[in-house]
Each structure stands twice: as C-alpha cells, then as structure tokens.
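[1] coords below, sequence missing:
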C-alpha cells in the first residue's frame with residue numbers, strides 16, 4: 001500500500017476450540033478505515049459443515065461468505081472498501097466445530 005493511503009493496519013484474531021473469532025479495527029473519531037482484504041482459516045482438519053464469515057462496517061454487514069469443508073484459507077479482496085467515517089470495521093468467523101480453531105485477519109489502512 002502506498003504511503004498516501006494513510007496508516008496501515010493488520011488485525012488478527014484467533015479463537016479457542018469451537019469458538020467464534022472476531023478481528024476488529026477500532027473506530028476512530030474523524031477517521032475512515034479502508035479494508036484491503038480479509039483472510040479466514042481453520043486449523044488443519046476438515047470441517048463438519050461450512051462456517052459463516054461476516055465482514056462489517058460498524059454493525060452493517062457489507063460482505064459474507066462461507067469457509068468450506070476442506071482445511072485451508074480464503075482471502076477476500078475488498079480493494080480499499082471505504083467504511084463509514086468514524087466506524088469500526090470487523091470480520092467474524094463463526095465457531096468451526098469441536099477441537100477446531102478459527103483464525104481471522106483483516107488488513108487495510110486508515111485515512
């Protein structure tokens with residue numbers, strides 16, 4: 001990301017086994033967060049069912065998708081999605097199942 005895009009952030013969240021996980025870039029008064037990408041993954045076993053991930057601008061869901069049954073990571077490019085001025089941005093992965101750890105990373109910049 002170029003310097004003129006503001007302050008770069010990368011926020012990671014790691015769940016306990018079978019727990020939801022959220023990565024959040026906190027709200028900042030008078031600032032606007034821009035999301036470049038979100039990556040989600042689960043520890044190395046096949047999931048029993050697809051697991052929902054939601055990306056939010058404040059409390060508004062701006063994108064959602066499912067992490068499939070096979071282990072691995074999904075990266076969703078958001079290409080500088082500009083959140084509402086002063087809002088937090090977050091990505092949440094639902095609980096992945098017994099003994100499975102979920103990971104969420106959100107990357108972007110703040111203007």
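    It's in. Just so it is clear, the model here is predicted, and its values are computed rather than measured.
[2] who does the spatially most central residue of the chain form a beta bridge with?
    The residue lying closest to the centre of the chain (C-alpha atoms, centre = their mean) is residue 91, at 3.0 Å. With DSSP bridges as the criterion, residue 91 is bridged to residue 23, residue 55.
[3] swap in residue 60?
    Under the criterion used (DSSP bridges), residue 60 bridges to residue 57.
[4] tell me the spacing between residue 46 and residue 95.
    15 Å (C-beta to C-beta, to the nearest Å). Quick note: C-beta positions are derived from backbone N, CA and C, even for glycine.
[5] more crowded one of those two?
    residue 95 (16 against 11; other C-beta atoms under 10 Å).
[6] surely the more buried one touches residue 49?
    No. Using C-beta atoms under 8 Å as the test, residue 95 is too far from residue 49 to be in contact (10.5 Å).
[7] what about the helices in this structure?
    Assigned by DSSP state H, the helices in the chain number zero.
[8] any chance you could map the strands in it?
    For the chain, the strands defined by DSSP state E cover 7-14, 21-25, 33-42, 51-57, 60-67, 72-82, 89-93, 102-110.
[9] between these, which gets the lowest average pLDDT?
    Comparing mean pLDDT across those, the weakest is strand 72-82, with a mean of 88.
[10] strands paired with it, and their directions?
    Here, using DSSP bridges, strand 72-82 pairs with strand 33-42 (antiparallel).
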